[in-house]
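>>> Build the 3D model from these lines:
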Amino acid sequence: MTLLATEIHNHDDPASALIVFAADRRISLGRRYFDNRKKIFTLPWLNAGIGYFGLAVVGNQSMQEWLQAFLAGATDCQTMAELAGRLADSLNRVIPPARHRVDRSGFHIGGYNRAGQPEFWYVRNVDDNGELTLGRYEVREDFQRRDAGTLRPNQAGTYRNGDLRAHEAAWRNIDDSFGLLLNTPGFRQRRTATDYVDWVKFKMELICYFYKIYYRARSSLALSTHSELRHLRPGIAGRGLFSRQRISPSPSDNAMPPVFQYGSNCDEVRLNASKRLVGDALYLGRAQTLDEYEIAFDVWSQTNACAASNLVPVVGTGRRYWGVLYEIPADLIRGKRADGRRTLAQIEGSRYEERPIRVRDTNGVEIEVTTFLVKPDEQRSGLWTSFDYVQHIVNGLRAHEVPEEYVQRVIDIAIRTNTRTAQPVTEQTHLIETLRQSRGSAHPG
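Numbers count the residues shown, from 1 in each chain. Below is the predicted model:
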């Protein structure tokens, strides 16, 4: 079973607009289960995302590896149209023509353009009937060009590929039947971004579970219910939020341990950018420390050219810190990789050390996770922090719906830090003050 779906909700209302991506993680070779791999990736510089279906291997690389390498070299693309065209050209060069008659393959690229309008670009080597008649990868934009003007109020634009039995027999009928039930008294209506994300998650889980229980070939195919879901919202000045959640995680899956981030990596766009984890951090939700901690800006960061954040114990104050939980592959948390990619420990730098910390997640579950704290002998007073750095923290906390009173406290501490330094940082302090009212990512002025 392969499922790749992209839904565009409330496209004409910037306040509630949302794009949701959903995909399974199953990779097959010769119709047999081979592995679980990511199929959805962020394009933070375009405020967009991309997912793939079909072809699992390009040359001697998995499609995941090939696509990640391609995206790392495509950050100069200024539009989704440019990226889609370059992707098709690259695939047509590296994939032999004969394989276009054998292997179905395609990509969904969805996001918000500079005018804040949603776009959906379809890169594929199949025609609209799913047949291999094209002989090459071709590109087209479907949402603005064809579909946006045809949608009824509250109707989503839905794009689906993969196992069409699941899509046609289940996806649409779940919308019709359970959607009708949602409109009866006593049921909560879908109004918020979380509501729409949960709705797509529900459909994916239901279809995956049905296949797992009832598909006759499941013993040989080893169907997996490991899936992932991501959502994208429009932002100010062409930037937005891309979040993802894994669907039906297995309790025995230890390859993606949870990590608590409390500083600039609360900003998921920053953490998953090409210079950091390249989309490999999987958003789980916000979380709060069980023990009493306060944020401090007490370590100098050469990378950020300002004081970076730390958590310090404040026993007896009742203050607990909010942050963001991610799942991150273990080989991207610590150590050194052969492929040259930086691990989280390398990103944090030598002044930080890995530490366990207890947190409470959004479901109220208390768990011990990994975080990175400043080494005691690296802590300094009298430093100053910058608007750009604090903005990442504030944007990340707000994006993940941390209580606003806590966000204001982070701003207070950043300003207080700067008032205690001997450095002339009045302008930075003033800019940090502007974050009290800001809800976007644009630089003031």
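>>> contacts and neighbour counts: CA atoms only from here.
OK.
>>> does residue 326 really touch residue 285, like I thought?
Yes: in terms of Cα atoms under 8 Å, residue 326 counts as a neighbour of residue 285; the distance is 7.4 Å.
>>> Who has more neighbours out of these two?
Ranked by neighbour count (other Cα atoms under 10 Å), residue 326 and residue 285 place residue 326 first, with 26 against 18.
>>> Looks to me like that one is in a strand.
Yes: assigned with DSSP: H, G, I helix; E, B strand; the rest coil, residue 326 falls within a strand.
>>> what sits against residue 357?
Residues counted as contacts of residue 357 (Cα atoms under 8 Å, 6 or more residues apart in numbering) are 289, 368-371.
>>> Residue 68 and residue 133: what is the separation?
Taken as Cα to Cα, to the nearest Å, the spacing of residue 68 relative to residue 133 amounts to 27 Å.
>>> ok, back up a step: just the ones in strands from the contacts of residue 357, please.
Per DSSP state E, strands hold the following members of those: 289, 368-371.
>>> Now the buried members of those residues.
Neighbour-count burial (16 or more other Cα atoms under 10 Å) applied to those gives 289, 369-371.
>>> Mind putting those residues into a markdown table with pLDDT and distance to residue 162?
Putting these into a markdown table (pLDDT from 0 to 100; distance: Cα to Cα, whole Å) gives the following:
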| residue | pLDDT | distance to residue 162 |
| --- | --- | --- |
| 289 | 97 | 41 |
| 369 | 94 | 35 |
| 370 | 96 | 36 |
| 371 | 97 | 38 |
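>>> which one of the residues you listed sits closest to residue 415?
Within those, proximity to residue 415 (Cα to Cα) peaks at residue 289, which comes in at 23.0 Å.
>>> got any ranges where the stretch 51-200 of the chain has weak pLDDT?
Low-confidence segments of the stretch 51-200 of the chain (pLDDT under 70): 163-169, 191-194.
>>> and with 80 instead?
Judged by pLDDT under 80, the stretch 51-200 of the chain has its weakly predicted residues at 101, 152-156, 162-173, 175-176, 179, 183, 188-200.
>>> all strands in it, in order from the N-terminus.
Under the criterion DSSP state E, counting those that start in this stretch, the stretch 51-200 of the chain contains strands at 57-58, 61-62, 105-112, 118-124, 138-141, 157-162.
>>> can you tell which of the ones you listed is closest to residue 417?
Closest to residue 417 of the strands of the stretch 51-200 of the chain, according to Cα to Cα: strand 105-112, at 36.7 Å.
>>> which other helices and strands contact that closest one?
For strand 105-112, the helices and strands in contact under the criterion 3 or more Cα pairs under 8 Å, 6 or more residues apart in numbering; DSSP states H and E are strand 48-54, helix 80-94, strand 118-124.
>>> Make a markdown table out of the ones you listed and add mean neighbour count.
Below are those laid out as a markdown table (neighbours: other Cα atoms under 10 Å):
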| stretch | mean neighbour count |
| --- | --- |
| strand 48-54 | 24 |
| helix 80-94 | 17 |
| strand 118-124 | 24 |
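>>> and those as CSV, adding distance to residue 396?
Formatted as CSV, the entries for those read as follows, by distance: least, Cα to Cα, whole Å:
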stretch, distance to residue 396
strand 48-54, 17
helix 80-94, 24
strand 118-124, 22
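>>> These: which one's closest to residue 262?
Smallest distance to residue 262 across the helices and strands packed on strand 105-112 (Cα to Cα): 24.4 Å, for strand 48-54.
>>> tell me the angle of the closest one relative to strand 118-124?
Using axes from the mean of the first three to the mean of the last three Cα atoms, to 10 degrees, one finds that strand 48-54 and strand 118-124 are set 30 degrees apart in direction.
>>> Using CSV, list the CA coordinates for strand 48-54.
Coordinates of the C-alpha atoms in strand 48-54 are reproduced here as CSV (Å, rounded to 0.1, in the frame of the first residue of the first chain):
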residue,chain,number,x,y,z
ALA,A,48,6.4,24.7,0.9
GLY,A,49,6.7,20.9,1.1
ILE,A,50,7.3,18.0,-1.2
GLY,A,51,6.2,14.3,-1.1
TYR,A,52,6.9,11.4,-3.4
PHE,A,53,5.2,8.2,-4.5
GLY,A,54,6.2,5.2,-6.7
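>>> Give me the residues contacting it.
Outside strand 48-54, the residues that reach it (Cα under 8 Å, 6+ apart) are 2-4, 21, 23, 39-43, 80, 103-112, 161-162, 232, 242.
>>> go with 6 Å
39-43, 104-111 (Cα atoms under 6 Å, 6 or more residues apart in numbering).
>>> So in that sheet, which strands flank that strand, and in what orientation?
Strands that pair with strand 48-54, judged by DSSP bridges, come out as strand 40-43 (antiparallel), strand 105-112 (antiparallel).
>>> and the first one, average pLDDT?
Computed over strand 40-43, the mean pLDDT rounds to 83.
>>> Off-centre distance for the longest helix along the chain?
The helix of greatest length in the chain, counted in residues with DSSP state H as the criterion, is given as helix 193-214. A distance of 18 Å separates the C-alpha centroid of helix 193-214 from that of its chain, computed with Cα atoms, centre = their mean, to the nearest Å.
>>> could the strands of the stretch 51-200 of the chain go into JSON lines alongside distance to residue 87?
What follows is these, written out as JSON lines (distance: least, Cα to Cα, whole Å):
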{"stretch": "strand 57-58", "distance to residue 87": "13"}
{"stretch": "strand 61-62", "distance to residue 87": "16"}
{"stretch": "strand 105-112", "distance to residue 87": "9"}
{"stretch": "strand 118-124", "distance to residue 87": "8"}
{"stretch": "strand 138-141", "distance to residue 87": "9"}
{"stretch": "strand 157-162", "distance to residue 87": "18"}
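>>> right, and those strands - which one's nearest residue 355?
It is, among the strands of the stretch 51-200 of the chain and with distance given as Cα to Cα, strand 61-62, at 33.5 Å.
>>> Adjacent strands (with direction) for the closest one?
Using DSSP bridges, the strands paired with strand 61-62 are strand 57-58 (antiparallel).
>>> got a list of contacts for the partner strand?
Identification of contacts with strand 57-58 by Cα under 6 Å, 6+ apart yields residue 63.
>>> Try it again at 10 Å.
With Cα atoms under 10 Å, 6 or more residues apart in numbering as the test, strand 57-58 has contacts from 27, 29, 63-67, 91, 94-96.
>>> ok, of those, which come out buried?
The neighbour-count criterion (16+ other Cα under 10 Å) marks 27, 63-64, 67, 91 among those as buried.
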